[in-house]
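> Got a predicted structure plus its sequence, pasted below:
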Amino acid sequence: MLIKYEFLKIVRKKSTLIVMGISLLLTAFLFGLPILQFQTYNQEGAIKGFEGIAYEKEQYKEQSVPLTNEFVEKNIAQYQTLFENPANVGYDGNEKFLIGDVYWNYVAPREKLLSIIASIYDSPNENSGLNKLPELDLTKSAQFDQTRNEKIEALLNMPSRNMSTKQKEYWSHMNSQVKTPLQYGYHEGWEVILSNFELLIFAILAICIVIAPVFSGEYQAGTDAVILSSKYGKTKLGTAKIIASLLFGILAFTLHIIVAFGLPLAAFGVDGWNLPLQIADPIIPYPYSFLQATLINLGVIYLVLIAMISLTLLLSAKMKNPYLVLIVLVPILFIPLFLSPNGTTGAYNLTLFLLPYRSTMPEIGKYISYPIGDMVFDVLSIRAILYIILSSVIMLLARFTFMKHQVA
Amino acid sequence: MHLQLQNLSKQYGTKWAVNHVNADLAPGVYGLLGANGAGKTTLMRMICGVLKPTSGYIRLNGKTIEELGEKYYSQLGYMPQDFGFYPDFTAREFMLYMAAVKGLDPQTAKYRTDQLLHTVNLHKVANKKIKSFSGGMKQRLGIAQAELNDPSILILDEPTAGLDPKERVRFRNLISNFAKEKIVILSTHIVSDVSYIADSILMMKNGQFLLSAPMETVTDVIKGKVWEFLIDQRKVAEYSQQFSVVNLHHENNKVRLRIISDRAPTAEAINVEPSLEDLFLYHFGEDALSQRSHEYVD
């Protein structure tokens, strides 16, 4: 009963409807932008929006294949054959590339696939596009999976990464679980979602704005004296307020997720949900499909959300005014927006990757790991553990602070 | 049932808002009188457990309120001064919410809500949002919520503040109806509010009880000291300086003064029966007069 009324107190406010409305519109706009801005090309020029998406999907039909050594070898050989004819090759003073009908008929429809294949022959931290393909010695280099593994090993051994043996073993073991051959196919919708997760920080902020008066609003309105002198005022009421806030936060955030995921998936389709992440970037060590990665990162974001709700409630229980709550909270959420990592090691970077804003990003291709004692945790696990601990501790503190509130 | 205040104090910085107060309260209506800043609200907040005393204890039947916890709060009804409402709730929703916070089961909550809204004459607007209510309606809703759990201790902090005389009378009657077999502490600086309904008077000044006595005998301390007489208008200032003037009334070209004095101010002065207001003005002097003028302005 108490939870029901506390929930009603949150949703009945006009400000709740306004903040949620604006936030949903903003989410729809931000996640709708990739649809509006989508464009692909054919010989006639750019094809934009839904027409472009349909064209792209059509192109992929022939590319939904497993990336076996034979398939990769065949494609490289074909590229090299085309490259042998000087009439097909253009030169811009810097690099050579296929041009004309050959480009439009062969390269353009499968440019992403060729880029993925070519990328595994680059050294770590190198990106030469398709330039390496004409020079590859097929007798040595066509072993796609082996070359991919070798590249990952080289990456793990880079001095700049400063990885311990345990960390290297951890990532190598994780990578060994990636199922090969990789199944290639259309996955645009999922790529849009995975690369835009951080935009959900605005939804988290909106929810915190709505939750900010849960305790401090009582102090501000002068209702604290009445409720705290009631039977459950110092016991069940605090818990009910926390549960109602979490309930509201989770429901409101789920609504945002439906909009944020629904738009790209409706426009680009759900195709690719079961394809491996490695077809977006072959060095990703996580053995997950796009759907799995999305759900795992979404799970982490829900934990970040719960921790932020808890923090908002603690500040709300401490402060006499919801505006003061936001003055503290907004910098915590948004200052990390202006901080960039300069690597994947060191206290600064490892802390930055755990801050709320950064924690919304999957960072699945960066090999960020945290050695703790004899154990190694990847960034997603450590975020999950950290935010579960933070939420539990902060929630208890919020309840305790409200219980001990003095009416003055 | 006994509510004991033992050596109860609250200190803010160097100022004692409540200074080592002691009292043993049995069922009855207690009028807590005092000027603004006397410490009435601080004392009531401590009794209600929403403000921690600097020292001292509050005990109900021998047990401290900390020991009793929910058992104490379930027997308590509190209507603070100027307390807020949830503007987007209707009167009924607010009452049902408060009933839930007070631990009433849903059936009892509905029954008590309907009953009390009827008692305070808000049943016709039960489904209207509180933001549309007048000050008087909000006050009535305030006392209704305090009564929801049929408390044995009812604390009312300035419940009539801001009400017009008609509302004030209605409110006094409500309190009288609710007060049976309860410890009711009614704080006010409007003497007439308590003179009709209080069984005992607690007078507070500078954080301490100045006086604690049953209503029937409370004015005994100034018995034989209240005088009324007519004087020339020009002499008012002179008498005001010499005596504690509790009232003056213009009658034709003269002024009728009511003063408190150990001796007769003039040979024509008539000794009159002291009232609670005389006692209040006797103790609070200028503070009380200034408050009374505010009261009249209100």
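Cool, got the structure.

> drop to CA atoms for contacts and neighbour counts, all remaining ones
Fine.

> C-terminal to the host helix or strand of residue B:184, which secondary structure element comes first?
If you go by DSSP states H and E, residue B:184 is part of strand B:183-188. With elements assigned by DSSP H and E, the helix or strand that comes after strand B:183-188 is helix B:191-197.

> roughly how far out does the next helix or strand after that following helix sit from the chain middle?
Later in the chain than helix B:191-197, the nearest helix or strand by DSSP H and E is strand B:200-205. Distance, stretch centre to chain centre, for strand B:200-205: 10 Å (C-alpha atoms, centre = their mean, to the nearest Å).

> Residues touching strand B:200-205, excluding its own?
Identification of contacts with strand B:200-205 by C-alpha atoms under 8 Å, 6 or more residues apart in numbering or on different chains yields B:28-35, B:38-40, B:209-215, B:218.

> now residue A:86: how far from residue A:99?
Using C-alpha to C-alpha, to the nearest Å, one obtains 10 Å as the distance from residue A:86 to residue A:99.

> Compare the two (neighbour count), which wins?
In terms of neighbours (other C-alpha atoms under 10 Å in any protein chain shown), residue A:99 is the more surrounded of residue A:86 and residue A:99; the figures are 17 against 9.

> wait, doesn't that one sit right on residue A:90?
Yes - counting by C-alpha atoms under 8 Å, residue A:99 touches residue A:90, with 5.8 Å between them.

> Would you point out the helix or strand in the chain whose mean pLDDT is lowest?
No chain specified, so I'll use chain A. helix A:138-141 (a mean of 67; mean pLDDT, DSSP states H and E).

> actually it's chain B I care about, not the one you picked
helix B:276-297 (a mean of 64).

> Next, the angle from the strand holding residue B:184 to strand B:200-205.
Angle, strand B:183-188 to strand B:200-205, by axes from the mean of the first three to the mean of the last three C-alpha atoms, to 10 degrees: 40 degrees.

> Extract the C-alpha set from strand B:183-188 and format it as PDB.
Output in PDB follows, covering the C-alpha atoms of strand B:183-188 (Å, rounded to 0.1, in the frame of the first residue of the first chain):
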ATOM      1  CA  ILE B 183      -3.300  13.400  26.300                       C
ATOM      2  CA  VAL B 184      -3.900  16.400  24.100                       C
ATOM      3  CA  ILE B 185      -1.200  19.100  24.000                       C
ATOM      4  CA  LEU B 186      -2.500  22.200  22.200                       C
ATOM      5  CA  SER B 187       0.000  24.900  21.500                       C
ATOM      6  CA  THR B 188      -1.100  28.400  20.800                       C
END
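
> got the contact list for residue A:178?
Here residue A:178 is in contact with A:285-288 (C-alpha under 8 Å, 6+ apart).

> Just among the residues you listed, which is most surrounded?
Neighbour max across the contacts of residue A:178 (other C-alpha under 10 Å) = residue A:285, 23 neighbours.

> so where does the closest residue to that one other than its chain neighbours fall, helix or strand?
Nearest non-adjacent residue to residue A:285, counting by C-alpha to C-alpha, 6 or more residues apart in numbering or on different chains: residue A:175, 4.5 Å away. Using DSSP H and E, residue A:175 falls within helix A:165-176.

> Equivalent analysis for residue A:50, please.
helix A:49-60.

> for whatever helix or strand comes next after that helix, packing partners?
Later in the chain than helix A:49-60, the nearest helix or strand by DSSP H and E is helix A:69-84. Applying 3 or more C-alpha pairs under 8 Å, 6 or more residues apart in numbering or on different chains; DSSP states H and E, one finds that helix A:69-84 contacts strand A:96-98, helix A:138-141, helix A:144-156.

> Quick check: buried residues in helix A:69-84?
Buried residues in helix A:69-84, counted by 16 or more other C-alpha atoms under 10 Å in any protein chain shown: A:69, A:72-73, A:75-77, A:79-80, A:82-83.

> go on, stretch B:56-70?
Those would be B:56-60, B:64-65, B:70, for stretch B:56-70 by 16+ other C-alpha under 10 Å.

> and the contacts of strand B:200-205, which of them are in helices?
residue B:40 (DSSP state H).

> Just the buried residues of the contacts of strand B:200-205.
The neighbour-count test (16+ other C-alpha under 10 Å) marks B:28-35, B:38-40, B:209, B:212, B:215, B:218 as buried among the contacts of strand B:200-205.

> which one among those residues gets closest to residue A:373?
Among those, residue B:39 lies closest to residue A:373 (C-alpha to C-alpha), at 58.4 Å.

> so what's residue A:132 up against?
So residue A:132 contacts A:118, A:121-122 (C-alpha under 8 Å, 6+ apart).

> Poorly predicted segments of the stretch 301-408 of chain A, please.
Under the criterion pLDDT under 70, no range of the stretch 301-408 of chain A is flagged.

> Would you mind listing what in it touches chain B?
Where the stretch 301-408 of chain A comes near chain B, counting by C-alpha under 8 Å from any C-alpha of the partner chain, the residues are A:405-408.

> Now, of those residues, which are buried?
A:405-407.

> In helices only, show me these.
Per DSSP H, the subset of those in helices is empty.

> can I get those residues in CSV with distance to residue A:205?
Output for those, formatted as CSV (distance: C-alpha to C-alpha, whole Å):
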residue, distance to residue A:205
A:405, 26
A:406, 28
A:407, 29
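
> Not counting residues beside it along the chain, what's closest to residue 194?
Chain wasn't specified; assuming chain A. In space, residue A:194 is closest to residue A:294, 6.5 Å off (C-alpha to C-alpha, 6+ apart).

> that's the other chain; I wanted chain B
residue B:31 (5.5 Å).

> Residue A:354: how many residues sit nearby?
Counted with other C-alpha under 10 Å, residue A:354 comes out at 20.

> list the contacts for it?
A:379, A:383.

> give me that answer again for 7 Å
Shown in contact with residue A:354 (C-alpha atoms under 7 Å, 6 or more residues apart in numbering or on different chains): residue A:383.

> Which secondary structure element is home to it?
Judged by DSSP H and E, residue A:354 forms part of no helix or strand.

> quick one, phi psi at it?
phi -100, psi -10 (degrees, to the nearest 10).

> one step back: am I right that the residue nearest to residue B:194 is in contact with residue B:187?
Yes - counting by C-alpha atoms under 7 Å, residue B:31 does reach residue B:187; the two are 5.9 Å apart.

> Specify the beta-bridge partners of the residue nearest to residue B:194.
residue B:186, residue B:201 (DSSP bridges).

> Quick check: the gap between it and residue B:273.
Taking C-alpha to C-alpha, one finds residue B:31 at 20 Å from residue B:273.

> How far does stretch A:330-340 sit from its chain's centre?
Computed by C-alpha atoms, centre = their mean, the chain-centroid distance of stretch A:330-340 equals 17 Å.

> can you list contacts of it?
A:356-357.
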